[in-house]
Every structure is written in C-alpha cells, then in structure tokens.
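Trainee: the amino acid sequence is not available; the structure is as follows:
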C-alpha cells in the first residue's frame, strides 16, 4: 500500500497543475510526479506488492520505477518504438504492440493501467475492452484519459482545439514551424466523458468501482453528474473497474 493514504486534495491538484505546465520542457519532472501520484492512487484500491501490472502505452519508462518501488512486477506496452526509446533502451519487460489488440492471454495481469493514452487511439473503447480482457478475475482496471472539450484536450495545440482540431494544428504549425506531435485525426482524437461513462456502464465482465475527475480535489467530483459541465471541467476522467 502507499506510504501514506492517498488524498485528492486541492494542494495535490495545484502541484499536478504546476507540473503539467512543464510537461514539454521538463518531462522527467512531470511524469515522475505523475507516476508517484498514480501508484499512490491505484494503491488506494489495490495493494500492488507482489502484483503483476501492465501499463498500456507506458512510453519511455517514467512509470516503471514508481510501480517497481511499490513491489509490483511491471510490464509496459507501446505501439511506438520512438516513444519507448525516449530515455535510451526500452525498459526490461517492454512489449511493442497495439493497445487495440493486446498480445496477451485472457486474465494475465492483476492490474491493467493506462494513463493519457485513450485519446491517441483511433478505436479507444476497443482498447478499453482489451484491458478488461487481459485482467485476471478480481483484478483492477485503471483507465484515464484527457477529455477533448477540457482546457488541455488539444494537448500542445490547446486551447485553440476548442475552435477545431485541424484549425488548431494549422495554427501551431504556422507559429512553430513544425507540425504538432499530437496530430488531430492521426494521433489525437476527440474523446468525451459521456463516451467513457457509457462504456463503463455497459460492462458485463467487470464492475465499476469509481468514476472520478482524476486530478481534481474530491470535493469537486460532483461535476461528473452534470452532462455538459463535466466535459469542460473534469480535465481527465479516470474509470476504475474490478474484473468479475
């Protein structure tokens, strides 16, 4: 379990927000903080010591140390070799493959985790179904993603994405002289809270443990009950499920 109880406070939200502002310029700081926070958050639902974790879209390995420090056996999967090599050689136990067709048998992992990947997948709910499939009975699925209509939905093209994804991409290219890393319609897609909540409610192989605005303080979680407001304010939706 975490060294101290996980508490979704306003102070935590502010620290994450400040770290998020330097994601592009200091990714080690941002992803290191997010990895520790993620392990603490998952640990509030599932003891990770001795558990086998799959990180879908794990990237260059920022999360590996945090999960292993919790006592977990960590494996990651990514579709992009360039992302996996971002910190040098890929982490041991890393698999190159598609999140929409996970190359693992049914019921392989105790915890299946994905952070900020779903919005980059052309068939996001097929990936979500795959995460449920490869999780053991009684295991935990933790899936979170950035909402399109939120302030950071366009990633580096935000907030101009609110006027259209293609328009925001063209503006970015004119300003910076290069195309954005996250290209609308190619590697960035408009995923909503409504779609994620509907997917969770329709699950037959798992039960919903919690739906929450991942980065917001607990006293603000009521925003998920308000259809239009949640798309703008939630920022990042986390869905926590338990495999039957």
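Mentor: Sure thing, it's come through. Every value quoted in this text rests on a predicted model; they were computed, and no experiment measured them.

Trainee: from here on, just use CA atoms for contacts and neighbour counts.
Mentor: Fine.

Trainee: correct me, but residue 189 touches residue 123?
Mentor: No: judged on Cα atoms under 8 Å, residue 189 makes no contact with residue 123 at a distance of 9.4 Å.

Trainee: quick one: which of those two has more around it?
Mentor: residue 189 (22 against 13; other Cα atoms under 10 Å).

Trainee: in contact with the closest residue to the more buried one other than its chain neighbours, which residues?
Mentor: In space, and not counting its chain neighbours, residue 189 is closest to residue 119: 5.3 Å by Cα to Cα, 6 or more residues apart in numbering. For residue 119, the contacting residues are 145, 146, 147, 148, 188, 189, 190, 191, by Cα atoms under 8 Å, 6 or more residues apart in numbering.

Trainee: list phi and psi for the last one.
Mentor: Pointing back at residue 191 there. phi -100, psi 140 (degrees, to the nearest 10).

Trainee: quick one: pLDDT of it?
Mentor: Looking at residue 191, its pLDDT is 97.

Trainee: wait, doesn't it sit right on residue 147?
Mentor: Yes: counting by Cα under 8 Å, residue 191 does reach residue 147; the two are 5.8 Å apart.

Trainee: which residues does the spatially most central residue of the chain contact?
Mentor: The centroid of the chain falls nearest to residue 115 when counting by Cα atoms, centre = their mean (1.5 Å). Contact analysis of residue 115 by Cα under 8 Å, 6+ apart lists 56, 57, 58, 143, 144, 145.

Trainee: same deal with residue 77?
Mentor: Residue 77 neighbours (Cα under 8 Å, 6+ apart): 54, 55, 56, 57, 58, 59, 94, 95, 96, 97, 98, 99.

Trainee: so how many other residues sit close to the fifth one?
Mentor: Spelled out, it's residue 58. Neighbour number of residue 58 under other Cα under 10 Å is 25.

Trainee: phi and psi next, for the residue lying closest to it once chain neighbours are set aside.
Mentor: Once flanking residues are discounted, residue 58 sits nearest to residue 76: 5.1 Å by Cα to Cα, 6+ apart. Residue 76 adopts backbone torsions of phi -130, psi 160, taken as degrees, to the nearest 10.

Trainee: residue 64: neighbour count?
Mentor: There are 22 residues near residue 64, going by other Cα under 10 Å.

Trainee: spatially nearest residue to it (excluding sequence neighbours)?
Mentor: residue 74 (6.5 Å).

Trainee: which is the next helix or strand following the helix or strand bottoming out on mean pLDDT in the chain?
Mentor: Ranking every helix and strand in the chain by mean pLDDT, DSSP states H and E puts helix 81-84 at the bottom, with a mean of 53. Per DSSP states H and E, the first helix or strand lying C-terminal to helix 81-84 is strand 94-96.
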